[in-house]
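Asker: Following is a predicted model, sequence given first.
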Amino acid sequence: MLSMEQERKYTSDVGEDYKSFLNRVFADQPDTEPLRIVSVLAEIIVTELHGQSYQLSAIADPKGLSLTVSHDGHPIDGRMVKVIEDSIDEAHYRHDRQGHHELTIRRNINRN
């Protein structure tokens with residue numbers, strides 16, 4: 001279980017699908033209810049990749065959870081990125097000249 005002072009980093013294992021990865025990350029969180037939107041958006045993101053390979057990473061800290069989906073190839077449709085941005089506390093989609101893309105979403109949690 002993640003203590004209130006820690007930051008914990010996660011990376012998906014080779015062949016690990018997003019559901020298994022999120023289950024592993026969520027298992028360490030004290031309250032998963034506020035993180036449900038991350039799971040829903042991860043499913044949308046992976047669906048939008050249309051079978052392209054991807055790598056997942058996450059950072060959990062006392063104030064929330066960030067999930068990054070890295071992939072090469074075609075970018076996610078801008079309209080879908082806008083829907084994702086409107087559905088989460090923070091979202092950033094970065095691209096480089098070599099065709100690599102990273103979408104990071106963050107769910108902030110107010111833990112009193």
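Answerer: Received, thanks.
Asker: List phi and psi for T104.
Answerer: phi -110, psi 130 (degrees, to the nearest 10).
Asker: burial count for it?
Answerer: Burial of T104 is recorded as 18 neighbouring residues (other CB atoms under 10 Å). For every residue, glycine as well, the C-beta is placed using N, CA and C.
Asker: Next up, identify which helix or strand the residue lying closest to it once chain neighbours are set aside is on.
Answerer: Take T104 and drop its neighbours on the chain: the residue closest to it by CB to CB, 6 or more residues apart in numbering is T68, 4.4 Å away. Using DSSP states H and E, T68 sits within strand 64-72.
Asker: what's the model's confidence in that strand, averaged?
Answerer: Averaging pLDDT along strand 64-72 yields 97.
Asker: And for the helix or strand following that strand, what's in contact with it?
Answerer: Remark: after strand 64-72, the chain's next helix or strand is helix 78-87, criterion DSSP H and E. Helix 78-87 is touched from outside by I37, L41, I44, I45, E48, A91, Y93, L103, I105, with contacts defined as CB atoms under 8 Å, 6 or more residues apart in numbering.
Asker: what comes up buried for helix 78-87?
Answerer: Residues of helix 78-87 classed as buried by neighbour count (16 or more other CB atoms under 10 Å): V81, I84.
Asker: Show the average pLDDT along it.
Answerer: On average, helix 78-87 scores 96.
Asker: what angle separates the helix or strand following it from strand 64-72?
Answerer: Reading on from helix 78-87 to the C-terminus, the next helix or strand found by DSSP H and E is strand 90-95. Computed by axes from the mean of the first three to the mean of the last three CA atoms, to 10 degrees, the angle separating strand 90-95 from strand 64-72 equals 20 degrees.
Asker: Alright, that wraps it up for me.
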